[in-house]
Every structure is written in C-alpha cells, then in structure tokens.
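*Asks:* I'd like to go over a predicted model; first the sequence, then the structure.
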Amino acid sequence: MRRSMILAASGVLAGTAALASEGGGGGGNALITPQFGLIFWTALTFVLLVLFLGRFAWKPLLGAIEERERTIREGLEQARRDREDAAQILEQHKSLLDQARRERAEAVTAGQRDAERVKLEILEEARAQREQVLRQTDAQIAALVRQAREELRSVAADLAIQAAGKLLAKSVDDATQRKLVEDYLKDLGELPSGPSAKA
C-alpha cells in the first residue's frame, strides 16, 4: 500500500515539475535549481493528494482487493472441497461397481448350481419313474404269464378229460390209440399261445 502511494506521489511530483519547467521558460535549469515556491506547492499538493487518496480512495480500493482475495480464496477452498468430494464419490462408485460385479458373478454361479441341482433332480425323478414303470411292466408280464399258465393247465385238463372220456367210450385198439393221440396233439396245437390269446 505504501509503495503504491509513493509511486503515485512521485508521479504527481514529476507532473508538477514538468508543469513548472514549462512555466519557467528557462529550459532544463528550472528543474536543477530549487525554487521555494515550487517545492512548497509540490509538497502541499502531494500531502493533500495523499490525504484525499487515504480517506476516499485507498480504503475502498483495499477493501475491494481484500474482498476479491477472500472470494478467490473461498473459491479455491470450495474447488478443493469439490475435488475431494468428487474423488470420494468416484471411489464410492468404483466400490459399488465392484460390488455389483461380484454380486452378478455370485448370481451366475448360484444359477449354474441351481440348474445343475434341478437337472440332477429331474434325472433322478426320471430314473425313479423308469424303475417304477419297469416294475409295473414286470408285474403285468408276471401276471399275464401266470394267467396263461393257468389257462394252459385248464385247457390241458379239459383235453385230458376229453381224451379219457373218449378212451373209455371206445374200445382201445392200436388204430384207435393212434387216432386219439393225433387228435390230442391236434387240439394242443390249437391252444392259445401267449398272453394275447385270452383277448
């Protein structure tokens, strides 16, 4: 502040000296030889100018400069805080993104595990159903075989009874026996074969 005042005062002195040299008309000698009147008015003008500037100009100028410095300082501080907040938010976003990636990978892994488990359950259920169908089929086949055997026994018994009845009804000679055996074999050949014979 003092430096600015000194520069302003020296500017005023130089201007006053220039005016005095022009008014003196003596050329450059007026600046070299001191004149009391010129020194007095120059000093008085300088003091009045310093007082005027100190009272009306320097305080508002210094206040404006200080206000500007404070505004710049606050702006820099705010920019620093904003930069720190931005860095913190960026770090949070990175951590959230990493967490989302981890959760997605875990979900994919869990989905694969669930799919494998469901596949195994379906295969196990299909195997159990196949075994049940095989058991049922075996049971049906066994029942049909039993039924066929019973039917075969029944038919064989009927044929034996018929053959015995025929033998008793006729006198048995070689030709008759041969004829009876051939008839019996013929009747056996006409027996139903397998489970579909009853149907």
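*Replies:* Yep, that arrived.
*Asks:* Could you break this protein into its assigned domains?
*Replies:* 2-88, 138-197 (automatic domain parsing).
*Asks:* for this structure, what helix or strand is lowest in average pLDDT?
*Replies:* Every helix and strand of the chain was ranked by mean pLDDT, DSSP states H and E. The lowest is helix 2-24, at a mean of 55.
*Asks:* Comparing the domains of the chain by mean pLDDT, which bottoms out?
*Replies:* Lowest mean pLDDT within the domains of the chain: domain 138-197, at a mean of 73.
*Asks:* Number of residues surrounding Glu124?
*Replies:* 10 (other Cβ atoms under 10 Å). From N, CA and C alone the C-beta is placed, and that goes for glycine too.
*Asks:* how close does it get to Val118?
*Replies:* 11 Å (Cβ to Cβ, to the nearest Å).
*Asks:* Also Arg70?
*Replies:* In this view, Arg70 and Val118 are 70 Å apart by Cβ to Cβ.
*Asks:* Can you get me a residue count around Asp187?
*Replies:* Asp187 sits with 15 neighbouring residues when counted by other Cβ under 10 Å.
*Asks:* Disregarding flanking residues, what is the spatial nearest neighbour of it?
*Replies:* Once flanking residues are discounted, Asp187 sits nearest to Leu159: 5.2 Å by Cβ to Cβ, 6 or more residues apart in numbering.
*Asks:* same question, Lys166
*Replies:* Leaving aside its sequence neighbours, Lys166 sits nearest to Leu180 (Cβ to Cβ, 6+ apart; 5.9 Å).
*Asks:* before we move on, the earlier item: hmm, Leu185 and the residue nearest to Asp187 touching each other?
*Replies:* No: using Cβ atoms under 8 Å, Leu159 is not in contact with Leu185; the gap is 10.0 Å.
*Asks:* of these two, who's got more company?
*Replies:* Leu159 (17 against 10).
*Asks:* secondary structure class for the more buried one?
*Replies:* For Leu159, the secondary structure call by DSSP: H, G, I helix; E, B strand; the rest coil comes out as helix.
*Asks:* heads up, I number from 719, so please use that
*Replies:* With the count now opening at 719, the last piece we talked about shows up as Leu877.
*Asks:* Please report how far it lies from Gly772.
*Replies:* 152 Å.
*Asks:* Which element, helix or strand, includes Ala782?
*Replies:* helix 777-887 (DSSP states H and E).
*Asks:* any idea how far that helix is from the chain center?
*Replies:* Chain-centre distance of helix 777-887: 19 Å, with Cα atoms, centre = their mean, to the nearest Å.
*Asks:* so what secondary structure elements neighbour it?
*Replies:* helix 892-907 (3 or more Cβ pairs under 8 Å, 6 or more residues apart in numbering; DSSP states H and E).
*Asks:* helices or strands up against the helix it packs on?
*Replies:* Here helix 892-907 touches helix 777-887, going by 3+ Cβ pairs under 8 Å, 6+ apart.
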